[in-house]
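J.: Show me the folded form of this:
(one chain, ligands or ions: 1)
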Amino acid sequence: MGTRPTVKPELAAKPCPIGAPLVVTIVGLPCRGKSLAAHKVARHLNWRGHSAKVFNVESAATADTLREISLFFKESNNVAIIDGMHLTRQSRQLLATFCSEKVFHHLLIEFSCTDKCLRENIDDTVAFYHNLDQNVDWERRLRESNELHSALFEACSPLEGPLITVNNSEDARLHSITARGVLGAIQTAILGVLAIPVIRHRTFYLSRHGESDYNVLGRIGGDADLSPRGMKYAERLARQLGGPGSAPDCPKPKLIWTSELRRTIRTVQNIPGPRTAIKDLNEIDAGICEGLTYEEIQERFPQEFAWRDQDKFKYRYPHGESYLDLLQRVDSVVQALLANTDVLVVSHQAVLRCIMAYFKGTRPDDVPYINVPLHTLLIVRSYGYDFEVETVPLKVECVDTYRIQPKNCSTTRTTADALTTVPAHFDAPIAQPPPAMVASSQATTTIS
Ligand code: F6P
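T.: Residues are numbered from 1 along each chain as shown. Predicted coordinates:
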């Protein structure tokens, strides 16, 4: 009878629970687009409610890095991305051992890039350092550093752990990735982010539609047309972006994306360029509250109104959506946006809050309170792995639709307490109440 091989308990790999923290080890020679991708992954995960951080290391993680990561995970964060070269198998083994001992997931991401991409990355890096010190031949320095590091580089083997390899190119046809052993939702999300090429210099134009007839009345949702002031905004926006009356050197969007609703389509009608109406850019579905004013929601569904104020991010309108749902819905739009430049997106208050949250790095709970005013053009420019937002009010009068969270969010609050922060709007009962309404009502707020 043969004896069964015994494994010492301390050497047996402990199974890693699905929810265990994840350590991502970035691997690659200089100028392969590692940092840009590392920060893109962290931004995306944080936007989607995870808690990720990039740990910048000189060439490879050290014992200090591991201590910092352990502390980071103790504070309920869940993804550590180590941005360094990790060229030798030994440097990666240190991390693999750390993860297996602490029972963390470990993912390796190895970067290379096409010759053209490498050339552009080197040019960008040389320009950056040249601005700091003009007395150094940075081009030569980089070449020498590349030669030195290439000699040390041991490519990752799939046996080292779950592995994604990325060959960077700004050209989507040449950009490629492979994945081995990728596991679970977070790693799959990372795979999705890396599959889309990183375009270094990007500009996006974002705007809400012009003021609608419903905005004037303080009604939410629906498919109303533009008000006369909304039409004026559409003309002003067109003048800003290559339409009639614009300056020859003004920006001209290469792509125009709207929702499928009338008010966004009408807003871009005079702006030249190919346009697409995208369902995922439609406003939040307010379910049984579609077409009502905030006052009517308080009157008919006071509990729902209070619950929404208590947790606006997670609250889902009955038969409708929550901001959490919306974030999921616009994820693919944001990913598509990042693979392009010079795109104009004309959408709605809640949807644009979710999109702006990506660029601003807003935590989920604060997303429903981002201020995206009507009649304002937002210009988003990439700046390394960060984004800058320029706010350009186009100075066409309009109502304010921004309602801040009231102090009293309890379900037993008075109507006055529930309505304190409702923005002013004109009075008007709805001619034909939608069937979902359970009682008739009259709006009572007047414009101040
Ligand atoms: O008021 C305009 C509007 O776009 C509504 O259609 C939509 O329900 C609302 O804004 C979303 O904003 P909030 O989440 O603050 O109610």
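J.: Who are the contact partners of the residue nearest to the spatial centre of the chain?
T.: Note on the chain: the residue nearest the mean C-alpha position is residue 358, at 2.7 Å, using Cα atoms, centre = their mean. Contacts here follow Cβ atoms under 8 Å, 6 or more residues apart in numbering; on that basis residue 358 touches 43-44, 47, 334. All C-beta spots, glycine's among them, are computed from the backbone N, C-alpha and C.
J.: Name the SS class of it, please.
T.: At residue 358, secondary structure determined by DSSP: H, G, I helix; E, B strand; the rest coil is helix.
J.: what separates it from residue 370, distance-wise?
T.: Distance check for residue 358 against residue 370: by Cβ to Cβ, to the nearest Å, it reads 11 Å.
J.: Then residue 389?
T.: In this structure, residue 389 lies at 11 Å from residue 370, with Cβ to Cβ as the measure.
J.: Pick out whichever of the two has more residues nearby.
T.: When neighbours are counted by other Cβ atoms under 10 Å, residue 389 and residue 370 differ, and residue 370 comes out ahead with 17 against 13.
J.: check which helix or strand covers the spatially closest residue to that one that is not a sequence neighbour.
T.: Counting by Cβ to Cβ, 6 or more residues apart in numbering, the nearest residue to residue 370 once its immediate chain neighbours are dropped is residue 353, at 4.4 Å. Here residue 353 is covered by helix 349-360, with elements defined by DSSP states H and E.
J.: what does residue 229 give?
T.: Residue-wise, residue 229 maps onto helix 228-240 under DSSP H and E.
J.: Output the contacting helices and strands for that helix.
T.: Counting contacts by 3 or more Cβ pairs under 8 Å, 6 or more residues apart in numbering; DSSP states H and E, helix 228-240 is packed against helix 262-267.
J.: The helix it packs on vs the ligand: in contact?
T.: No: no part of helix 262-267 sits near the ligand under the criterion Cβ under 6 Å from any ligand atom; the closest distance found is 9.3 Å.
J.: contacts for the helix or strand that that helix is followed by?
T.: Using DSSP H and E, the helix or strand that directly follows helix 262-267 along the chain is strand 275-277. Residues lying outside strand 275-277 but in contact with it, judged by Cβ under 8 Å, 6+ apart, are 255-260, 264-265, 268.
J.: From those residues, keep the buried residues only.
T.: For the contacts of strand 275-277, burial is judged from neighbour counts taken by 16 or more other Cβ atoms under 10 Å, and it is met by 255-259, 264-265, 268.
J.: how far does the helix holding residue 229 sit from the chain's center?
T.: Computed by Cα atoms, centre = their mean, to the nearest Å, the separation of helix 228-240 from the middle of its chain amounts to 28 Å.
J.: Kindly report the same for stretch 335-344.
T.: Averaging C-alpha coordinates over stretch 335-344 and over its chain gives two centres that are 12 Å apart (Cα atoms, centre = their mean).
J.: Kindly report the same for stretch 310-326.
T.: Centre to centre, stretch against its chain (Cα atoms, centre = their mean), the figure for stretch 310-326 is 18 Å.
J.: average model confidence for it?
T.: Along stretch 310-326, the predicted confidence averages to a pLDDT of 98.
J.: what's the angle between the strand or helix carrying residue 38 and helix 349-360?
T.: In this structure, residue 38 is located in helix 34-47 according to DSSP H and E. Here helix 34-47 runs at an angle of 140 degrees relative to helix 349-360 (axes from the mean of the first three to the mean of the last three Cα atoms, to 10 degrees).
J.: neighbours around the nearest residue to residue 152 once chain neighbours are set aside, how many?
T.: The shortest distance from residue 152 to any non-neighbouring residue, by Cβ to Cβ, 6+ apart, is to residue 87 (4.9 Å). Neighbouring residues of residue 87 were enumerated by other Cβ under 10 Å; the total is 20.
J.: Could you grab the helix/strand/coil label for residue 87?
T.: Taking three-state DSSP as the rule, one finds residue 87 in the coil state.
J.: so it touches residue 26, yeah?
T.: No: with contacts counted by Cβ atoms under 8 Å, residue 87 stays clear of residue 26, the gap being 11.2 Å.
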